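Q: requesting a structural model of the entry that follows:
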Amino acid sequence: MPPAREGRHQLITTKASVLSDGGLVIGLDFAHGVLDGEAAFTFVKVWARRYRRLTGTPPNELGDPIKLNHDRRLLSGHGKRTCAPHPEFRVYASTGEYLKLEAGPIPVPVNDPPSTAQRIFHLSPDMLGRLKKLATESTTAPDYSYVSTIDSLTALLIVLITQARGHGKDVRVATCVNARAHLHPPLPTNYVGNATFFALPTYKAAELASDNLVDTLCLVARRVRESIVRTRDDQFLRDSMAFVSSQPDMSAVGVSTDFFFGPDLFFTSWVRMGAYDADFGGGKASYAGLPRLPVTDGLVVITDPMYPEQDGLDVTVSLESKAMEAFRDHWQSLAL
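A: All right, here's what the predicted structure looks like:
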């Protein structure tokens with residue numbers, strides 16, 4: 001992924017569009033150094049509550065006040081030295097070149113990228129249940145190997161996307177971990193900042209090319225779970241903070257995976273983050289989801305259903321256009 005833009009740029013941008021039926025569409029764009037997914041949804045809830053108060057809604061109808069916490073010191077390294085390697089990060093030079101750290105292959109920025117496609121795939125609760133059963137059925141896995149539903153879904157997407165890309169290379173996967181509840185002490189409720197850290201499961205090309213889907217899903221899902229458990233450990237999280245804080249320019253630290261037209265992948269989950277909690281006075285949203293991103297590859301976002309009347313999960317996948325066609329064929333052939 002190219003390094004962050006230099007110079008001044010907007011941190012938060014919002015746009016409101018009134019529809020012909022009287023409805024309202026709100027768009028939100030923000031720098032991830034300011035807010036992560038959970039903080040962004042909190043921002044919208046506070047905005048909605050304030051709007052209703054200004055338009056005359058009685059205080060007793062607004063519910064409990066939302067007390068925010070902006071203390072950035074809670075995620076500082078406090079001058080401590082890092083004790084462990086952090087291959088999940090890459091540090092960029094101020095010139096936009098990549099500094100050579102032990103963080104995997106160095107990508108080449110793409111100046112004229114090929115066309116990309118963005119598709120949404122819905123999974124019902126029954127489909128998710130069958131998928132989790134598949135990911136835990138392998139006879140080669142120990143009985144105590146726990147994987148979550150999202151681990152199982154992540155594993156399936158890793159396998160299918162890698163097969164669709166057809167590069168035959170090893171794969172590194174950045175999986176976002178929300179550290180709020182895993183730090184000791186945990187971050188305050190409604191912390192406004194970015195508390196996202198990166199788990200980094202890695203896979204050999206041969207592991208993802210196996211014809212035995214059940215064994216492959218089990219292996220991939222267990223490694224996803226193991227990497228998350230390792231990353232959300234309080235000591236590891238604080239060492240990660242120390243690593244970032246030790247850099248002369250903390251804004252030059254980025255995720256190390258080469259997912260942007262490379263072999264790697266980037267996963268994040270917005271599940272149970274309150275996408276539908278905001279109410280500007282006309283009821284809660286009838287749709288909440290990602291906009292169409294013009295050029296994005298190797299990005300997967302798992303969310304609650306974008307239409308609230310549905311159950312299950314939605315997955316937004318962004319890939320190079322030809323890879324997306326192959327991925328869609330693989331997905332449909334599964335018949336979950």
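Q: which residues of the stretch 151-300 of the chain fall in strands?
A: Under the criterion DSSP state E, counting those that start in this stretch, strands of the stretch 151-300 of the chain are mapped to 171-178, 196-199, 202-203, 253-255, 265-269, 299-303.
Q: report the spatially nearest residue to Ala40, omitting neighbours in sequence.
A: Phe30 (6.0 Å; C-beta to C-beta, 6 or more residues apart in numbering). For glycine as for every other residue, the C-beta is placed from the backbone atoms N, C-alpha and C.
Q: next: Gly129.
A: Closest residue to Gly129 in three dimensions, ignoring its sequence neighbours and counting by C-beta to C-beta, 6+ apart: Thr149, at 7.9 Å.
Q: show me where the stretch 201-336 of the chain has helices.
A: With DSSP state H, counting those that start in this stretch, the ranges of helices along the stretch 201-336 of the chain come out as 205-208, 213-231, 234-245, 321-334.
Q: quick one: buried residues of the third one?
A: This points to helix 234-245. Residues of helix 234-245 classed as buried: Phe236, Leu237, Arg238, Asp239, Ser240, Met241, Ala242, Phe243, Val244, Ser245 (neighbour count, 16 or more other C-beta atoms under 10 Å).
Q: so Asn178 makes contact with Thr196?
A: Yes. Using C-beta atoms under 8 Å, Asn178 is in contact with Thr196, at 6.4 Å.
Q: shared neighbours, the two?
A: Shared contacts of Asn178 and Thr196 (C-beta atoms under 8 Å, 6 or more residues apart in numbering): Asp36.
Q: how much space separates Pro185 from Asp234?
A: Going from Pro185 to Asp234 by C-beta to C-beta, to the nearest Å gives 9 Å.
Q: gap between the closest residue to Val147 other than its chain neighbours and Arg72?
A: For Val147, the nearest residue in space outside its immediate sequence neighbours is Ala221; the separation is 4.2 Å by C-beta to C-beta, 6+ apart. Noted for Ala221: a distance of 35 Å to Arg72, by C-beta to C-beta.
Q: tell me which of those two has more neighbours.
A: Neighbour comparison, Ala221 and Arg72: the larger count goes to Ala221, with 32 against 11 (by other C-beta atoms under 10 Å).
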